[in-house]
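Chemist: Following is a predicted model, sequence given first.
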Amino acid sequence: MATKVNPTFQNHLVSVKEETRKFENAFQGVSRMILEKKIDKVVVNGKTTYDFEIFRKGKKHIIGMYDELNSFVSYVKDAAEGGSSKEMAYVLVGEPGNGKTFFVDYLCAKYREFLSIPVNKKYTFKFMNLDKLGTYGRITAIESQTYEDPMILGMNLFEDPDENKKFLSQKAGFTDPEIETLFENYRPLGACSGYIWNDIRNITDGKIAQMINFIEIVPVPLTESLGTITGKYPAKDKITSSAVDLLGEESIQRLLHITDTNNPYRFDLRRGALARVAGGGIHFSDEIYKNKKDLVQVYLGVIQNRNIEMDGFKWPIDTLIIATSNNSEFNRFLEEKEEAPIVDRCRICYVSHNTNYKLQKELTDYAIGSDSKTTLTMEALHQDPNLNYASSVAIVLSRLPRTEKITPIEAMKLAAGEVAGEKSIKTLAEVIDTLNQEPDITKRFGQKGLGQRNLGRAIQLIVESSETNEGKCMFAYDIFKTIERVILDYVNDVADRNKYLEDLKTAKGLYRERIMTEMFNAYMDEPLAITKDVMSYVNMIIGIDAENLGPDKMWKFKDPQTGELKAIKIDKRYINSIEERLGLKTDEQRETFRTSIRKIYGQKISLDPNYNFMDNLELVKAVTDVRLKSDIAGAGSLIGALANRTNEENKQLYDRMINTMLNKLGYCKTCAQKTIEYFCTQEDEK
């Protein structure tokens with residue numbers, strides 16, 4: 001008789017009963033992986049949504065994509081609970097370079113990580129000692145081709161379902177409710193496993209104790225390069241792609257051994273991508289609608305029936321199918337009306353670009369790269385501290401659609417959760433709702449714009465330019481030139497190209513304002529000079545009507561950041577100068593503005609004690625202008641002093657500012673000099 005195998009089949013059943021091993025389908029596994037981790041509530045574009053911690057972990061994690069992640073989680077959860085989603089594929093549709101493939105790859109990596117934990121490990125079974133059956137030639141061991149779980153075998157040991165339930169109850173101690181739960185995931189054995197099991201039944205006269213000795217339990221390999229558990233099928237050209245790549249084919253090697261020509265084991269399923277992920281895995285079909293029609297038809301059968309079918313044989317599979325497609329391919333596919341059943345079997349999720357410029361800063365870091373960069377001569381390459389801001393603003397502005405209700409800058413600030421004058425987040429939510437009614441997907445909010453790949457190209461162009469290599473620094477203003485180059489080279493639609501070039505001008509204006517602030521900080525020899533001055537104004541207008549204000553105009557207040565008691569002198573001239581710069585002429589206008597600032601202060605400080613009003617660009621600009629004017633008789637004179645360094649005083653000022661920029665503000669000699677040169681020009685003045 002066959003040697004006793006270890007670990008035994010019965011051990012596995014007991015482990016599942018004791019929950020030291022799991023038996024669940026792909027949807028339940030993925031759903032549990034996501035929902036076991038922390039879930040936060042966040043407000044995005046004026047709407048409350050959920051943020052799943054699992055997607056925010058690791059060195060290079062998913063950024064943004066709140067709606068898309070919520071949609072995916074609800075799809076998986078519905079499928080795990082036996083809803084209609086389990087008969088569908090999940091398809092991400094969107095512009096190139098907006099993170100579709102990155103999302104799927106990240107999900108697959110997390111799932112592999114999840115399955116590497118011992119309790120979550122996937123197991124399958126192997127038929128041993130097949131030489132005793134006589135019809136398998138030199139083949140002595142056969143692993144389940146679709147990585148079926150041993151519990152699937154446990155539910156199919158006998159031809160009578162009641163006998164299977166009785167066996168599970170007696171040998172592993174499952175209770176009736178537990179057996180009912182197990183059978184919710186029941187599927188028959190695949191054609192070859194069923195056929196071999198029948199051969200074993202015949203040779204042992206149906207004695208189950210002897211039959212089980214032909215079984216060995218083995219873990220499913222998690223090696224990524226094997227394509228098991230998570231597998232990817234990229235769309236190939238029309239000549240080289242065939243259904244064999246997905247389903248498998250008849251194996252001549254096996255036919256040399258198997259004498260029984262009816263045996264379905266003659267088909268090699270592992271030759272196809274689907275069988276390798278059929279045991280509770282994730283199948284990723286990249287650019288699904290680029291495949292030729294007969295292949296998409298194969299997908300239709302697989303998605304709907306969750307079966308691999310060949311020559312009338314069936315192998316049930318347990319797989320989460322995720323696909324991607326770009327807008328143009330998807331639209332072309334939709335125009336072919338006869339393909340409607342396939343789209344009907346897909347849960348479509350339209351993926352938008354990231355429109356939050358603060359989150360874009362992290363994506364820009366991905367594009368720039370985390371490794372320290374070097375020039376072509378292998379010397380250290382410095383990064384201008386304003387490079388990320390300039391890149392992020394330029395890219396995000398291109399993704400915001402034009403609308404009469406709101407300006408691009410207001411939309412950009414509101415999308416990042418910042419203050420935008422009198423416009424509220426409600427205005428942005430209304431704009432998004434209106435745009436999302438558009439039947440043309442590309443006209444919806446965030447669906448069109450420069451993608452992450454375009455940003456990557458722009459940064460590559462900066463790195464390869466001779467100016468960057470000569471100066472050993474990636475100067476921020478150069479990003480506008482390279483983004484313009486990318487727009488001209490890669491954007492074919494004339495209307496889109498013109499819009500992006502206009503957005504680039506707006507981004508340059510924002511960069512100009514940032515440089516004004518940076519220059520003031522450098523002039524004051526204080527990295528947070530403007531922040532302090534902005535907060536001084538805010539505290540003054542809060543304390544101006546205070547009851548405990550003495551004749552010396554000194555007001556004491558508790559600093560929310562440190563909790564310490566502080567005193568500030570209310571300077572009405574300073575307050576008036578700032579409000580004049582803001583264009584507030586009448587007392588009513590001034591009072592309305594002050595009330596709005598106090599209101600924002602009340603709302604923000606309770607949530608974030610470190611809130612500093614630096615997102616209120618109009619206020620920051622007004623404070624910068626006033627301080628420059630009061631300190632050095634106008635920004636013009638600072639420009640004059642920096643531009644004309646013939647006298648000793650001007651040269652000392654220039655050297656002092658350069659010194660502050662190098663030692664306190666993160667500049668290098670090249671970008672400090674270039675930034676001052678740019679400040680001294682009249683370029684991009686609004």
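Modeler: That came through fine. These figures come from a predicted structure and were not determined experimentally. Residues are numbered from 1 along each chain as shown.

Chemist: Could you count how many residues lie near residue 282?
Modeler: Each residue near residue 282 was counted by other Cβ atoms under 10 Å, and the total is 21. The way it works is simple: take the backbone N, C-alpha and C, and place the C-beta from them, glycine included.

Chemist: Look at it and give its secondary structure.
Modeler: strand (DSSP: H, G, I helix; E, B strand; the rest coil).

Chemist: That one reaches residue 317, doesn't it?
Modeler: No - contact criterion Cβ atoms under 8 Å: residue 282 and residue 317 do not qualify, at 11.9 Å.

Chemist: what is in contact with the two at once?
Modeler: Common neighbours of residue 282 and residue 317, counting by Cβ atoms under 8 Å, 6 or more residues apart in numbering, are absent.

Chemist: Most distant residue from the centre of the protein?
Modeler: In terms of distance from the mean C-alpha position of the chain, residue 551 ranks first, at 56.9 Å (Cα atoms, centre = their mean).

Chemist: and stretch 521-536, which residues are buried?
Modeler: By neighbour count on 16 or more other Cβ atoms under 10 Å, the buried set for stretch 521-536 is 521-524, 526-527, 529-531, 533-536.

Chemist: now stretch 69-77
Modeler: 69-73, 75-77.

Chemist: what's the closest of those residues to residue 85?
Modeler: residue 75 (5.0 Å; Cβ to Cβ).

Chemist: circling back: now tabulate the buried residues of stretch 69-77 in a markdown table and tack on distance to residue 556, secondary structure and pLDDT.
Modeler: As requested, those are arranged in a markdown table below (distance: Cβ to Cβ, whole Å; DSSP: H, G, I helix; E, B strand; the rest coil; pLDDT from 0 to 100):
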| residue | distance to residue 556 | secondary structure | pLDDT |
| --- | --- | --- | --- |
| 69 | 47 | helix | 94 |
| 70 | 47 | helix | 94 |
| 71 | 52 | helix | 93 |
| 72 | 53 | helix | 95 |
| 73 | 50 | helix | 95 |
| 75 | 56 | helix | 94 |
| 76 | 56 | helix | 95 |
| 77 | 54 | helix | 94 |
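
Chemist: Among these, which one lies nearest to residue 487?
Modeler: Looking at the buried residues of stretch 69-77 and their distance to residue 487, the nearest is residue 69, at 29.7 Å (Cβ to Cβ).

Chemist: ok, so what distance separates the closest one from residue 112?
Modeler: Using Cβ to Cβ, to the nearest Å, residue 69 is found at 19 Å from residue 112.

Chemist: Then residue 127?
Modeler: Counting by Cβ to Cβ, the separation of residue 127 from residue 112 is 27 Å.

Chemist: quick one: which of those two has more around it?
Modeler: In this view residue 127 and residue 112 are compared by other Cβ under 10 Å, and residue 127 has more residues nearby, 24 against 17.

Chemist: wait, what's in contact with the residue nearest to the more buried one when sequence neighbours are not counted?
Modeler: Sequence neighbours aside, residue 142 is the residue nearest to residue 127 in space, at 4.8 Å (criterion: Cβ to Cβ, 6 or more residues apart in numbering). Residues near residue 142 by Cβ under 8 Å, 6+ apart: 126-127, 130, 136, 192, 196, 265.

Chemist: buried subset of the residues you listed?
Modeler: Counted by 16+ other Cβ under 10 Å, the contacts of residue 142 give 127, 130, 136, 192, 196, 265 as buried.

Chemist: What's the biggest helix in the protein, counting residues?
Modeler: helix 494-523 (DSSP state H).

Chemist: Can you name the next helix or strand after it?
Modeler: Where DSSP states H and E defines the elements, the next helix or strand beyond helix 494-523 is helix 529-543.

Chemist: Which helix or strand in the chain has the lowest average pLDDT?
Modeler: Least confident helix or strand, the chain: helix 635-643 with a mean of 71, by mean pLDDT, DSSP states H and E.

Chemist: Endpoint to endpoint, stretch 578-595 covers what distance?
Modeler: End-to-end distance for stretch 578-595, by Cα to Cα, to the nearest Å: 15 Å.

Chemist: Tell me the buried residues in that stretch?
Modeler: Result for stretch 578-595 [16+ other Cβ under 10 Å]: buried residues 578-579, 581-582, 584, 590, 593-594.

Chemist: Over to stretch 299-308?
Modeler: Neighbour-count burial for stretch 299-308, with 16+ other Cβ under 10 Å as criterion, is recorded at 299-300, 302-303, 306-308.
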